[in-house]
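Asks: Fold the following, please.
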Amino acid sequence: MAKTIESSELIINSDGSVFHLHLKPEQLADKIILVGDPARVDLVAEHFDSIDFTVQSREFRTMGGTLRGERIMCLSHGIGPDNIDIVVNELDALANVDFVTREVKDRRRSLQMVRIGTSGSLQPDIPVGTPVIAVKSIGFDGVLNYYAGRDEVADLDYERALCSHTGWNPLWARPYVVASDPGLVDQIGRDDMVRGNTISAVGFYGPQGRELRLPLANPDINSRLESLSYDSQRITNYEMESAPLQGLSLLMGHRAMTVCSIIANRMNGNATPNYRTAVEDLIATVLDRFVS
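Replies: Residues are numbered from 1 along each chain as shown. From the prediction side, this is the model:
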């Protein structure tokens, strides 16, 4: 018997759209580009051959259209892992829940999601401007820990090694380690991109080891992370969304990956606020490889 979802659990707006994204099931494309900044949606959509709709709700801006004969959409998720929890759950509902009967569909629809973002490097030899693919993502946000099946999609040995090496603070959420979709990584990744392990932090300042006026509880956390080598793999960079995106997608049967342009090197103390050109180049490259 199909599962029926109560209206309090999945809120559907009066126009038939999903609560936060304001998208309708018929607007959903199987190929989705995700970006943080709503203004960046327009940079992506400039490459589309046609634009069929634009929907704006809070920080969630979506433009859908076609590229090389395929349906595609770009959606902005805003900043942080909590927004990813909203976006992935609502996209999955659009794909796999009948909005009339509220029943989960028998036949599952799998989405392909590529997030294009910005990030800070944790390794001195990864300079500003480098695109880094999150082959594995390390969630410091705790989002995946709220879902059943978390251990089945996570690298538990890596988690234990990280906690041991860093002397993990018990007041923080337990980290989880999840992989990106290998097929998407092979499709998007080339020699012009670094493949690494990316941390998804729960904030931008203290949770990423930045100290302004407030002192940090663990001021040496970044040096400990930079020095960790697990199975000959280094932690390459910080951002805030890849782990919940990849973890939730694994649990739901979707395919997801993240590639970020490095705009700061945390070890060298270098940063550039003028990263638009690098991001525009990365957008063009990803679209060319995502839709062939």
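
Asks: can you pull the contacts of residue 62?
Replies: For residue 62, the contact set (Cβ atoms under 8 Å, 6 or more residues apart in numbering) comprises 21, 23, 27, 41, 53-56, 73-76. To be clear about C-beta, it is placed using only N, CA and C from the backbone, and glycine gets the same treatment.

Asks: before we move on, what about residue 180?
Replies: 133-137, 242, 246, 256-258.

Asks: Please apply the same query to residue 166.
Replies: Counting by Cβ under 8 Å, 6+ apart, residue 166 has contacts 221, 224-225, 228.

Asks: Need those in CSV (columns: distance to residue 183 and neighbour count).
Replies: Formatted as CSV, those follow (distance: Cβ to Cβ, whole Å; neighbours: other Cβ atoms under 10 Å):
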residue, distance to residue 183, neighbour count
221, 33, 20
224, 33, 16
225, 28, 21
228, 27, 18
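
Asks: Restricted to helices, list those.
Replies: Those of the contacts of residue 166 mapping onto helices are 221, 224-225, per DSSP state H.

Asks: Tabulate these in TSV, adding columns for pLDDT and distance to residue 191.
Replies: Listed next are the ones in helices among the contacts of residue 166 as TSV, based on pLDDT from 0 to 100; distance: Cβ to Cβ, whole Å:
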residue	pLDDT	distance to residue 191
221	95	32
224	96	30
225	95	26
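
Asks: quick one: which of these is nearest residue 98?
Replies: residue 225 (44.2 Å; Cβ to Cβ).

Asks: And the helices in the stretch 1-150 of the chain?
Replies: 38-45, 81-96, 150-153 (DSSP state H, counting those that start in this stretch).

Asks: Please name the residues that touch the residue most central in space within the chain.
Replies: The chain has residue 242 as the residue nearest its centroid, 3.2 Å off, counting by Cα atoms, centre = their mean. Residues near residue 242 by Cβ under 8 Å, 6+ apart: 115, 117, 134, 137, 180, 198, 200, 258, 260.

Asks: The same query, at a cut-off of 7 Å, please.
Replies: 115, 134, 137, 198, 200, 258 (Cβ atoms under 7 Å, 6 or more residues apart in numbering).

Asks: for residue 202, same thing?
Replies: 81, 140-141.

Asks: Repeat that for residue 136.
Replies: Contacts of residue 136 by Cβ under 7 Å, 6+ apart are 155, 177-179, 197.
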